[in-house]
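> Could you look at this predicted model? Sequence included:
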Amino acid sequence: MLWLRVLGKGVTQEQAILEVLALPKGNPQRGRILQLLASWKITLELNDPTDDAERGVLMVLSQAYLEWEQATEERGIQQGIQQGIQQGIQQGIQQGIQAERQITLETLFKARFGAIDESLAAIVPSLMALSAEDYTQFLLALPQLSQDKVVARFQAQKR
(Lines give C-alpha, C1' and ligand atoms only; values in the text may rest on other atoms or scores of the structure.)
Protein backbone atom coordinates (compact mmCIF):
# COMPACT_ATOMS: atom_id res chain seq x y z
CA MET A 1 0.00 0.00 0.00
CA LEU A 2 2.86 2.37 0.75
CA TRP A 3 3.99 2.20 -2.88
CA LEU A 4 0.55 3.21 -4.10
CA ARG A 5 0.30 6.13 -1.69
CA VAL A 6 3.75 7.35 -2.76
CA LEU A 7 2.42 7.45 -6.31
CA GLY A 8 -0.71 9.32 -5.17
CA LYS A 9 -1.15 13.08 -4.93
CA GLY A 10 -1.26 15.82 -2.38
CA VAL A 11 -1.33 15.15 1.36
CA THR A 12 -1.60 11.37 0.88
CA GLN A 13 1.57 11.35 -1.19
CA GLU A 14 3.47 13.61 1.21
CA GLN A 15 2.46 11.45 4.20
CA ALA A 16 3.57 8.33 2.33
CA ILE A 17 6.96 9.89 1.60
CA LEU A 18 7.34 10.82 5.28
CA GLU A 19 6.45 7.21 6.20
CA VAL A 20 9.19 6.00 3.87
CA LEU A 21 11.65 8.30 5.62
CA ALA A 22 10.50 6.92 8.98
CA LEU A 23 11.19 3.29 7.96
CA PRO A 24 14.28 1.75 9.63
CA LYS A 25 17.48 2.41 7.67
CA GLY A 26 18.09 -1.31 7.12
CA ASN A 27 14.66 -1.84 5.55
CA PRO A 28 15.15 -2.94 1.91
CA GLN A 29 11.85 -1.37 0.87
CA ARG A 30 13.03 1.98 2.21
CA GLY A 31 16.21 1.87 0.12
CA ARG A 32 14.38 1.00 -3.10
CA ILE A 33 11.72 3.68 -2.61
CA LEU A 34 14.33 6.32 -1.67
CA GLN A 35 16.18 5.54 -4.88
CA LEU A 36 13.01 6.08 -6.91
CA LEU A 37 12.13 9.23 -4.98
CA ALA A 38 15.61 10.66 -5.58
CA SER A 39 15.22 10.00 -9.27
CA TRP A 40 11.79 11.59 -9.23
CA LYS A 41 13.13 14.70 -7.44
CA ILE A 42 15.77 15.17 -10.10
CA THR A 43 13.17 14.82 -12.84
CA LEU A 44 10.90 17.39 -11.18
CA GLU A 45 13.76 19.84 -10.80
CA LEU A 46 14.69 19.48 -14.46
CA ASN A 47 11.10 20.19 -15.48
CA ASP A 48 11.01 23.36 -13.29
CA PRO A 49 7.89 22.85 -11.12
CA THR A 50 5.21 25.39 -11.95
CA ASP A 51 2.44 24.95 -9.38
CA ASP A 52 2.39 24.89 -5.59
CA ALA A 53 1.58 21.17 -5.45
CA GLU A 54 4.72 20.27 -7.44
CA ARG A 55 6.82 22.60 -5.28
CA GLY A 56 5.38 20.98 -2.12
CA VAL A 57 6.22 17.51 -3.41
CA LEU A 58 9.68 18.71 -4.36
CA MET A 59 10.30 19.93 -0.81
CA VAL A 60 9.29 16.57 0.67
CA LEU A 61 11.33 14.77 -1.98
CA SER A 62 14.38 16.86 -1.07
CA GLN A 63 14.58 15.15 2.33
CA ALA A 64 14.17 11.76 0.67
CA TYR A 65 16.93 12.68 -1.78
CA LEU A 66 19.29 13.72 1.01
CA GLU A 67 18.72 10.45 2.86
CA TRP A 68 19.21 8.43 -0.32
CA GLU A 69 22.40 10.36 -1.08
CA GLN A 70 23.72 9.74 2.44
CA ALA A 71 22.91 6.03 2.27
CA THR A 72 24.58 5.78 -1.12
CA GLU A 73 27.67 7.55 0.18
CA GLU A 74 27.82 5.25 3.22
CA ARG A 75 27.61 2.18 0.97
CA GLY A 76 30.41 3.59 -1.17
CA ILE A 77 32.55 4.18 1.90
CA GLN A 78 31.91 0.64 3.15
CA GLN A 79 32.77 -0.81 -0.24
CA GLY A 80 35.96 1.26 -0.33
CA ILE A 81 36.91 0.06 3.13
CA GLN A 82 36.32 -3.57 2.15
CA GLN A 83 38.38 -3.17 -1.02
CA GLY A 84 41.15 -1.52 0.97
CA ILE A 85 41.14 -4.35 3.49
CA GLN A 86 41.32 -6.94 0.72
CA GLN A 87 44.19 -5.12 -0.99
CA GLY A 88 45.97 -4.78 2.33
CA ILE A 89 45.59 -8.49 3.01
CA GLN A 90 46.92 -9.35 -0.45
CA GLN A 91 49.88 -7.00 -0.03
CA GLY A 92 50.57 -8.44 3.42
CA ILE A 93 50.51 -11.97 2.05
CA GLN A 94 52.88 -11.00 -0.78
CA GLN A 95 55.24 -9.26 1.62
CA GLY A 96 55.13 -12.27 3.93
CA ILE A 97 55.96 -14.61 1.05
CA GLN A 98 58.84 -12.38 -0.03
CA ALA A 99 60.21 -12.17 3.51
CA GLU A 100 59.92 -15.94 3.93
CA ARG A 101 61.69 -16.52 0.62
CA GLN A 102 64.52 -14.19 1.57
CA ILE A 103 65.01 -15.87 4.95
CA THR A 104 64.91 -19.31 3.32
CA LEU A 105 67.44 -18.33 0.66
CA GLU A 106 69.81 -16.74 3.16
CA THR A 107 69.57 -19.75 5.47
CA LEU A 108 70.17 -22.23 2.64
CA PHE A 109 73.05 -20.20 1.19
CA LYS A 110 74.74 -20.05 4.60
CA ALA A 111 74.22 -23.77 5.13
CA ARG A 112 75.38 -24.71 1.61
CA PHE A 113 78.16 -22.19 0.98
CA GLY A 114 79.15 -21.12 4.51
CA ALA A 115 78.39 -17.42 4.03
CA ILE A 116 76.60 -15.01 1.76
CA ASP A 117 79.08 -12.99 -0.23
CA GLU A 118 78.32 -10.08 -2.57
CA SER A 119 77.74 -12.32 -5.59
CA LEU A 120 75.09 -14.38 -3.77
CA ALA A 121 73.47 -11.30 -2.23
CA ALA A 122 73.22 -9.76 -5.73
CA ILE A 123 71.12 -12.65 -7.11
CA VAL A 124 68.68 -12.88 -4.19
CA PRO A 125 66.21 -10.39 -5.78
CA SER A 126 66.17 -12.48 -8.99
CA LEU A 127 65.51 -15.64 -6.99
CA MET A 128 62.73 -13.99 -5.05
CA ALA A 129 61.04 -12.95 -8.31
CA LEU A 130 60.79 -16.54 -9.58
CA SER A 131 57.42 -18.20 -9.94
CA ALA A 132 56.51 -20.60 -7.14
CA GLU A 133 57.28 -23.58 -9.39
CA ASP A 134 60.68 -22.27 -10.54
CA TYR A 135 61.59 -21.22 -7.00
CA THR A 136 60.78 -24.70 -5.67
CA GLN A 137 62.79 -26.36 -8.47
CA PHE A 138 65.76 -24.11 -7.66
CA LEU A 139 65.58 -25.04 -3.97
CA LEU A 140 65.49 -28.74 -4.83
CA ALA A 141 68.48 -28.40 -7.18
CA LEU A 142 70.57 -26.22 -4.83
CA PRO A 143 72.37 -29.12 -3.03
CA GLN A 144 73.87 -30.23 -6.36
CA LEU A 145 74.96 -26.75 -7.51
CA SER A 146 78.20 -24.96 -6.77
CA GLN A 147 78.16 -21.31 -5.79
CA ASP A 148 79.72 -20.37 -9.13
CA LYS A 149 76.96 -22.19 -11.07
CA VAL A 150 74.20 -20.56 -8.99
CA VAL A 151 75.67 -17.09 -9.47
CA ALA A 152 76.38 -17.62 -13.19
CA ARG A 153 72.88 -18.92 -13.84
CA PHE A 154 71.14 -15.93 -12.26
CA GLN A 155 73.58 -13.27 -13.41
CA ALA A 156 72.93 -14.44 -16.97
CA GLN A 157 69.16 -13.99 -16.40
CA LYS A 158 69.66 -10.40 -15.18
CA ARG A 159 71.24 -9.37 -18.47
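Done, it's in.
> Can you name the residues that contact residue 143?
Applying C-beta atoms under 8 Å, 6 or more residues apart in numbering to residue 143 gives the contacts residue 112. The way it works is simple: take the backbone N, C-alpha and C, and place the C-beta from them, glycine included.
> Can you classify it as helix, strand or coil?
Following DSSP: H, G, I helix; E, B strand; the rest coil, residue 143 is assigned to helix.
> what's the distance between it and residue 122?
Plainly put, residue 143 is 21 Å away from residue 122 if you go by C-beta to C-beta, to the nearest Å.
> quick one, domains of this structure?
2-81, 92-158 (automatic domain parsing).
> Output these in a markdown table, with mean pLDDT appended to each entry.
Supplementary listing: the domains of the chain in a markdown table, determined by pLDDT from 0 to 100:
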| stretch | mean pLDDT |
| --- | --- |
| domain 2-81 | 82 |
| domain 92-158 | 89 |
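> On the pLDDT front, check the residue nearest to the spatial centre of the chain for me.
Centroid check for the chain by C-alpha atoms, centre = their mean gives residue 83 as the closest residue, at 1.6 Å. Looking at residue 83, its pLDDT stands at 94.
> Where does it fall, secondary structure wise?
Element membership for residue 83, per DSSP states H and E: helix 52-113.
> Can you spell out which helices and strands pack onto that helix?
Contacts defined by 3 or more C-beta pairs under 8 Å, 6 or more residues apart in numbering; DSSP states H and E place helix 52-113 against helix 10-22, helix 28-46, helix 118-128, helix 132-141.
> Summarise which helices and strands the first one is packed against.
On a contact count with 3+ C-beta pairs under 8 Å, 6+ apart, helix 10-22 meets helix 2-6, helix 28-46, helix 52-113.
> Other residues contacting the second one?
Helix 28-46 is contacted by residues 2-3, 6, 17, 20, 23-24, 54, 57-58, 61-62, 64-65, 67-69, 71 when judged by C-beta under 8 Å, 6+ apart.
> Residue 11: neighbour count?
Using other C-beta atoms under 10 Å, residue 11 is surrounded by 9 other residues.
> Over to residue 3?
Number of residues near residue 3 (other C-beta under 10 Å) recorded here: 13.
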